[in-house]
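Participant: Show me how the following folds:
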Amino acid sequence: MKKIINTILLLLLAAALSVPAYAQKDKPRVSPPELVTGMINKATVTINYSSPSVKGRKIWGGLVPYDTVWRAGANEATTFQTDKDLLIGTQVLPAGKYGFFLVPNKTGQWIAVFNKVPNQWGAFKYDKNQDQLRVNVSTQNLDAVQEMLVYKINPDGFSLTWEKLTVIIPAQQNHPNE
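Facilitator: Here you go, the predicted model:
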């Protein structure tokens with residue numbers, strides 16, 4: 001009888017200890033995953049990213065250092081997918097799925113990077129030799145704070161807005177009549 005009681009107590013203890021671990025799996029991510037889809041001419045574009053918050057932090061030149069490849073979001077690297085060839089600036093980006101990165105610059109233009117390895121964690125294993133293309137892009141200062149990072153797709157390209165800055169990536173379909 002004592003052995004049965006001890007076994008039951010051990011099972012109850014194990015169950016009680018596993019509840020907090022199980023509950024943490026259902027906890028929402030601090031930087032929630034987001035997905036935005038839109039059209040650039042007749043090309044369908046999808047951007048998959050995690051959206052961090054400012055939370056009173058210094059973002060540019062602080063949390064996100066200048067002159068260093070950044071995953072353009074949080075957690076996994078941001079992915080950019082297009083079903084048709086696009087002109088990014090003046091360069092052709094073939095239809096496909098890419099890792100999307102930015103290289104912030106304190107003054108002047110930033111660099112947008114489309115890397116052939118779409119599924120990677122952050123930029124920790126980023127390999128410049130796998131870049132499909134790099135293009136200089138402009139930024140625009142904002143008066144108000146955009147708390148959570150957000151991407152928007154429009155007919156002229158797409159943008160990332162976070163903190164008090166918008167990064168503008170001009171794009172158009174390479175052959176708009178297709």
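Participant: By mean pLDDT, which helix or strand of the protein comes out lowest?
Facilitator: helix 2-25 (a mean of 54; mean pLDDT, DSSP states H and E).
Participant: Buried residues in the longest strand along the chain, which are they?
Facilitator: Secondary structure assigned by DSSP state E gives strand 131-154 as the longest strand of the chain. Using 16 or more other Cβ atoms under 10 Å as the test for burial, strand 131-154 gives 131-135, 137, 139, 146, 149, 151, 153. Where C-beta positions appear, they are placed from N, C-alpha and C, glycine not excepted.
Participant: Tell me the first helix or strand C-terminal of it.
Facilitator: strand 157-173 (DSSP states H and E).
Participant: Let me see the mean pLDDT of that next one.
Facilitator: Strand 157-173 shows a mean pLDDT of 96.
Participant: what helices or strands is that strand leaning on?
Facilitator: Applying 3 or more Cβ pairs under 8 Å, 6 or more residues apart in numbering; DSSP states H and E, we find strand 157-173 packed against strand 33-40, strand 43-50, strand 86-88, strand 110-115, strand 131-154.
Participant: Check which residues of stretch 63-80 are buried.
Facilitator: In stretch 63-80, counting by 16+ other Cβ under 10 Å, buried: 64, 69-80.
Participant: Endpoint to endpoint, that stretch covers what distance?
Facilitator: In stretch 63-80, first residue to last residue: 23 Å (Cα to Cα, to the nearest Å).
Participant: circling back to that earlier point, which one in the buried residues of stretch 63-80 is the model shakiest on?
Facilitator: Per-residue pLDDT puts Glu76 lowest of those, at 90.
Participant: what's around Lys42, how many residues?
Facilitator: For Lys42, the count of nearby residues is 12 (other Cβ atoms under 10 Å).
Participant: Fine by me, thanks again.
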